[in-house]
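A.B. asks: Next comes the sequence, and after it the predicted model I'd like to discuss.
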Amino acid sequence: MISTLEKEITFRFLKARKKDGFLNIISIFSFIGISLGVAVLIIVMSVMNGFRTELINKIVGFNSHITVKSYDNNGIQRDKLDNNNLKLISKNLIFSNSGEAIILKNNTSKGIVLRGYQAEEFSKLSIIQNDKFKGESSILGKNSISIGNELSFSLDLKLGDKITLMSPSGVETIIGSMPKQKTFEITSIFNSGLADFDNNIALINLDTLDDFFGFEKQERNLEIYLKDPKNIEKQKQTVQKIFDQEFIYTWADMNSSLFSALKIERNVMFIILSLIIIVAAFNIISGLTILVKNKTRDIAILKSIGVLNKSIIKIFFLIGIIIGTSATIFGIFLGVTFSLYIEDFRQFLSSTFNISLFPEEIYFLSTMPSEINPSSILLISICSILITIIVSIFPAFKAANLDPIQALKYE
């Protein structure tokens, strides 16, 4: 417990005096340094969390959450689709298939991945339902194709244009095997928000795709769209139990290297930026050491009237804790406020200085993402206060070990 005397002396030592000018400067810099360190950490973590969430939403919005593939030619057992556990976690169950082809247009050729969907299931896809989709969402006929906006820009294609696709599966002719070719009409253009998807993937009718590549119906994959795609690992285990003879993979498996890199980058940034707090906290040692030097006479008098060493330790320990805790709280306020209005701040800087911050053509995001994570803020706060506690120990014990006789000898 902290006594009333200890509290009064602590707040008395915290009050600024003119002769303690240099000490006040150190305390101010300690306060500012810790506050800025905490604020920068919160801002960076919020932006990285926001970027990760936006990236997940775009990837999940384009790819199936869980894909089931058959190992053999028997195909996926349709009776398993009526499983109650599967119905409980899934929103849509869609059969699809894919293959690689070449687009031929105006003496230009480009490799592309074709995905096939049934016409009635095409409109259920997330990328078809967003506001950037152009064309008819209910049309995916046998000669229709839906392409990404990046592909339409690169090949100068628009709705109603016709393109030719060449399949690697051959057609036997009198002169030998020739690649199969088919002409498609562009009936829609989608925008997933990720250039790699929009530039390299196109959607066609599933029956047409099977015929184009020579696939059997048993080779089709099952795409499972979940109600909660973020809790993927637990739900993958549920699906694995249902389809125990099939190969199962998720959107997280397909992008594991990307998210591993993001996680490593996030952890490294946390460690690097924590050094700001550590450097600022060391100023507290300097400030408290100078305070002990300036208060030598006061400490000696306190000891001579019977104040115990543990009380002296508490007093100087509390001073360091108050500076560090108040700086942390102010840093949290600053960081959270900045994170909430970071997009407004970006627009202000862009318009004021006529510069492009976070350009959409590079990051594929129209706004700077930010997601405040309470657990991250709690972790940052604990680390900041813990560092403050550690650096306050040495000056506090130094003050307690002061010899009052030597201190008052020349007074």
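C.D. replies: On my side now, so go ahead.

A.B. asks: ok, which stretches of the stretch 51-200 of the chain are strands?
C.D. replies: Secondary structure of the stretch 51-200 of the chain (DSSP state E, counting those that start in this stretch): strands at 66-70, 90-105, 108-117, 134-135, 144-148, 162-173, 176-190.

A.B. asks: Name the strands paired with the last one and say parallel or antiparallel.
C.D. replies: The reference is to strand 176-190. The strands beside strand 176-190 in its sheet (DSSP bridges) come out as strand 134-135 (antiparallel), strand 144-148 (parallel), strand 162-173 (antiparallel).

A.B. asks: do the second one as well
C.D. replies: Taking DSSP bridges as the criterion, strand 90-105 forms sheet pairs with strand 108-117 (antiparallel), strand 162-173 (antiparallel), strand 221-226 (antiparallel).

A.B. asks: Now that strand: average pLDDT?
C.D. replies: Strand 90-105 shows a mean pLDDT of 86.

A.B. asks: Same question for stretch 190-203.
C.D. replies: For stretch 190-203, mean pLDDT rounds to 84.

A.B. asks: Identify each buried residue in that stretch, please.
C.D. replies: 190-195, 197-199, 201-203 (16 or more other Cβ atoms under 10 Å). C-beta: built from backbone N, CA, C; applies to glycine.

A.B. asks: ditto for stretch 310-317
C.D. replies: For stretch 310-317, burial by neighbour count (16+ other Cβ under 10 Å) applies to 311-317.

A.B. asks: residues touching Ile201, list them.
C.D. replies: By Cβ atoms under 8 Å, 6 or more residues apart in numbering, the residues touching Ile201 are 62, 112-115, 148.

A.B. asks: Would you list the buried entries among these?
C.D. replies: The neighbour-count test (16+ other Cβ under 10 Å) marks 62, 112, 114-115, 148 as buried among the contacts of Ile201.

A.B. asks: Considering the residues you listed, which is situated nearest to Ile2?
C.D. replies: Closest to Ile2 out of these is Phe62 (58.1 Å), distances taken as Cβ to Cβ.

A.B. asks: Now that closest one: closest residue in space that isn't a chain neighbour?
C.D. replies: Sequence neighbours aside, Ser192 is the residue nearest to Phe62 in space, at 4.3 Å (criterion: Cβ to Cβ, 6 or more residues apart in numbering).

A.B. asks: Quick check: phi and psi at the one you found.
C.D. replies: Note on Ser192: backbone dihedrals following degrees, to the nearest 10 are phi -80, psi -20.

A.B. asks: returning to what we had before: dump the buried residues of stretch 190-203 to TSV, plus distance to Gly33.
C.D. replies: Below are the buried residues of stretch 190-203 laid out as TSV (distance: Cβ to Cβ, whole Å):
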residue	distance to Gly33
Phe190	49
Asn191	45
Ser192	43
Gly193	39
Leu194	39
Ala195	41
Phe197	44
Asp198	45
Asn199	46
Ile201	49
Ala202	54
Leu203	54
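
A.B. asks: can you tell me which of the residues you listed lies nearest to Lys105?
C.D. replies: The nearest member of those to Lys105, counting by Cβ to Cβ, is Ala202 at 12.1 Å.

A.B. asks: Make sure that closest one is indeed in a strand.
C.D. replies: Yes: counting by DSSP: H, G, I helix; E, B strand; the rest coil, Ala202 is found in a strand.

A.B. asks: Grab the nearest non-local neighbour of Lys134.
C.D. replies: Ile189 is the one closest to Lys134 (Cβ to Cβ, 6+ apart), at 4.5 Å.

A.B. asks: Next one: that neighbour from Lys236, what distance?
C.D. replies: Noted for Ile189: a distance of 32 Å to Lys236, by Cβ to Cβ, to the nearest Å.

A.B. asks: Likewise for Phe394?
C.D. replies: Phe394 is 51 Å from Lys236, by Cβ to Cβ.

A.B. asks: So between these two, which is more surrounded?
C.D. replies: Applying other Cβ atoms under 10 Å to Phe394 and Lys236 shows that Lys236 carries more neighbours, namely 19 against 14.
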